[in-house]
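Asker: All I have is the shape, not the residue letters:
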Ligand SMILES: C[C@H](N)C(=O)N[C@@H](Cc1c[nH]cn1)C(=O)O
Ligand SMILES: [Zn+2]
Ligand SMILES: [Zn+2]
């Protein structure tokens, strides 16, 4: 594939500035912008301010949108700002909206990290380990280095950019949908297409372009009994125990082979067609790559590639996440916890409706709790959610992304869907009526949300080249 002079200069510049990009990644990983923990909220603000300052340094015009307040851990908290950046307003150019998030999942060294999660640790094999390295700080700042490289080279960017960076993605994106809907005809009126770099390749060697995501419905169910924690030697056998009720209910949600037990939950899932089966059969995926990402031989369908991918992408799943209030520390505390909250979520697929999911789950669990004849109190609440999304692969936005991958990596990308959720994807598509695609930087084994999260140096550097090339391809194709 021929590479034009401006792109060849861009690639050379990116290669020459590797150390600078790594230093910046180190800076952002060091800011623990955990959105799900009230104690870290100032750090989320700090990260938003870091981005804003860096964008301003590059001449990107920034605006802060304040979504308001919310209640978390019993505290009323200010939601972090959504940072909107505008770079170029030339009516002759296409405008690409770029979304990313600057918040991260929690991380404790005691979870099993081999190094401090907030210190970017360079490994000899090229892995750059740190929370947020791949999800989503590396990709977010990668976009900025595309702008920076063009400026340093005196190259004109062939498109206008509209950045939308939020700080609450990992905790439900509160306020984001409303903002996009309300600004669809103002701030975002000139947007021609949307690109999000916030997911991963299917394996470890071949890039992909992603056209679908599952939705999510997240639940908290609380069982409350005694007024305070009790001694199990004194009260065991004499009182209804919240943990016993909760464990029973959690065990009624899903079977060990992943079958969801909530009645009617599969009702709206479209049946698999023969044509669809063909797509899955043709996908070039190595099951050992998927197994390596799990880190153990625990796949339910280890010998069935299609079933594994379908269960990740096009069927719903129910996962149990944790129990708040339970005794979890080392040792043997003989306590009866007074109040426990079980957390679980359902990943949803097209045709499933979040409202219906909430109703079905609540009705089922209330009925199951009633069967227990427990004198404890039970409450089920949906905490946050988002709808699934599927894009149109035939749009020029996808053609540009596929060509960009071919140019930078010399291979045709896998066309994938994803099991994770980025609810704003569908909002962009419907509110702006524009094509949305996902162009990931990281590999399947990056360990997002997990311990030892990493971004490979090669993926970071080639990823910056890819994002820049995609913008050039947009300009070339969509004339
Ligand atoms: C795919 C994206 N990088 C991601 O990780 N999204 C999260 C969104 C979420 C929803 N509730 C909590 N986090 C995910 O899919 O879990
Ligand atoms: Zn993410
Ligand atoms: Zn995430």
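Answerer: Perfect, I can see it now. Because the structure is a prediction, the values reported are computed rather than measured. Residues are numbered from 1 along each chain as shown. Ligands and ions are numbered 1, 2, ... in the order given.
Asker: element containing residue 473?
Answerer: Counting by DSSP states H and E, the element that carries residue 473 is helix 457-477.
Asker: what does the stretch 351-479 of the chain put close to ligand 1?
Answerer: Taking Cβ under 6 Å from any ligand atom as the contact definition, the stretch 351-479 of the chain meets ligand 1 at 420, 421, 422, 448. (Each C-beta comes from the backbone N, C-alpha and C, glycine too.)
Asker: still on that earlier bit, buried sites along the helix holding residue 473?
Answerer: 457, 459-475 (16 or more other Cβ atoms under 10 Å).
Asker: so which of these are also by ligand 2?
Answerer: When Cβ under 5 Å from the ion is applied, no member of these is adjacent to ligand 2.
Asker: Which residue comes closest to residue 425 once chain neighbours are left out?
Answerer: Closest residue in space to residue 425, ignoring its immediate chain neighbours: residue 389 at 4.3 Å, by Cβ to Cβ, 6 or more residues apart in numbering.
Asker: From residue 127, how far out is that neighbour?
Answerer: Distance of residue 389 to residue 127, given as Cβ to Cβ, to the nearest Å: 30 Å.
Asker: quick one, which of those two is more surrounded?
Answerer: The residue with more neighbours, out of residue 389 and residue 127, is residue 389; 26 against 22, by other Cβ atoms under 10 Å.
Asker: Which residues are in contact with the residue of the chain found nearest ligand 1?
Answerer: Of all residues in the chain, residue 420 sits closest to ligand 1, at 3.1 Å by Cβ to the nearest ligand atom. Applying Cβ atoms under 8 Å, 6 or more residues apart in numbering, we find residue 420 in contact with 199, 213, 214, 347.
Asker: for the first one, what are its contacts?
Answerer: By that I understand residue 199. 210, 213, 418, 420, 422, 438, 440, 442 are the contacts of residue 199 under Cβ under 8 Å, 6+ apart.
Asker: With the second one instead?
Answerer: Contact criterion Cβ under 8 Å, 6+ apart gives 199, 388, 389, 417, 418, 419, 420, 421, 422, 425, 438 as the residues in contact with residue 213.
Asker: out of the residues of the stretch 351-479 of the chain next to ligand 1, which are inside helices?
Answerer: Per DSSP state H, helices hold no members of these.
Asker: Of those residues - the most surrounded one?
Answerer: Most crowded among those, counting by other Cβ under 10 Å, is residue 422 at 27 neighbours.
Asker: Tell me the pLDDT of that one.
Answerer: Confidence at residue 422, expressed as pLDDT, is 93.
Asker: Need phi/psi at it.
Answerer: Residue 422 adopts backbone torsions of phi -130, psi 90, taken as degrees, to the nearest 10.
Asker: And for residue 322?
Answerer: Per-residue torsions, residue 322: phi 170, psi 170 (degrees, to the nearest 10).
Asker: Surely it is in contact with residue 343?
Answerer: Yes - Residue 322 lies in contact with residue 343 (Cβ atoms under 8 Å); the separation is 5.0 Å.
Asker: Between the two, which is the more surrounded one?
Answerer: residue 343 (16 against 10).
Asker: so that one bridges to which residues?
Answerer: Going by DSSP bridges, residue 343 is paired in beta bridges with residue 220, residue 322.
Asker: My guess is it contacts residue 319. True?
Answerer: No - when contacts are counted by Cβ under 8 Å, residue 343 is not listed as touching residue 319 (9.5 Å).
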